[in-house]
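J.: After the sequence you'll find the predicted model.
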Amino acid sequence: MLSDLSRTSRLAVVAASVSFSAGLDGHLVAKTTADQTGRYSVTLAPGTYVVAFTPCVQERLSTTVTAGATTNLNLLCSMR
């Protein structure tokens, strides 16, 4: 999974925390931090995940990861 976190002003969200949860209980599967350009990368098993971004306000997305593929997830982050 590769992504680019940007504020609504299109500036990088440096050091944003990105967490990936799965399953009916929403257990945490992986967590990473965006770099100085707002990009992050994490390796996940195939499946569907809820992705949460902090400090973005209430930003949660659902994404499906497919075996052998790269999933790009871009977000415009609202900072309040």
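T.: Right, received. Where do you want to start? What you are looking at is a predicted structure, and each value in this text was computed from that prediction instead of being measured.

J.: Give me the distance from stretch 28-38 to the chain's centre.
T.: Distance, stretch centre to chain centre, for stretch 28-38: 7 Å (Cα atoms, centre = their mean, to the nearest Å).

J.: buried stuff in that stretch?
T.: Using 16 or more other Cβ atoms under 10 Å as the test for burial, stretch 28-38 gives 29-30, 34, 38. In this view, the C-beta of every residue, glycine as well, is placed from N, C-alpha and C.

J.: Put together CSV for these, with pLDDT and distance to Y49 on each row.
T.: Below are the buried residues of stretch 28-38 laid out as CSV (pLDDT from 0 to 100; distance: Cβ to Cβ, whole Å):
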residue, pLDDT, distance to Y49
V29, 95, 7
A30, 95, 8
A34, 86, 17
G38, 80, 20
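
J.: which pair in the residues you listed spans the largest distance?
T.: V29 and G38 (21.7 Å; Cβ to Cβ).

J.: bridging residues for T63?
T.: Taking DSSP bridges as the rule, T63 bridges to Y49.

J.: My guess is it contacts G47. True?
T.: No - T63 is beyond contact range of G47, at 9.8 Å (criterion: Cβ atoms under 8 Å).

J.: Which elements pack onto the strand or helix carrying V29?
T.: Per DSSP states H and E, V29 falls inside strand 27-33. In terms of contacts (3 or more Cβ pairs under 8 Å, 6 or more residues apart in numbering; DSSP states H and E), strand 27-33 is packed against strand 17-22, strand 39-41.
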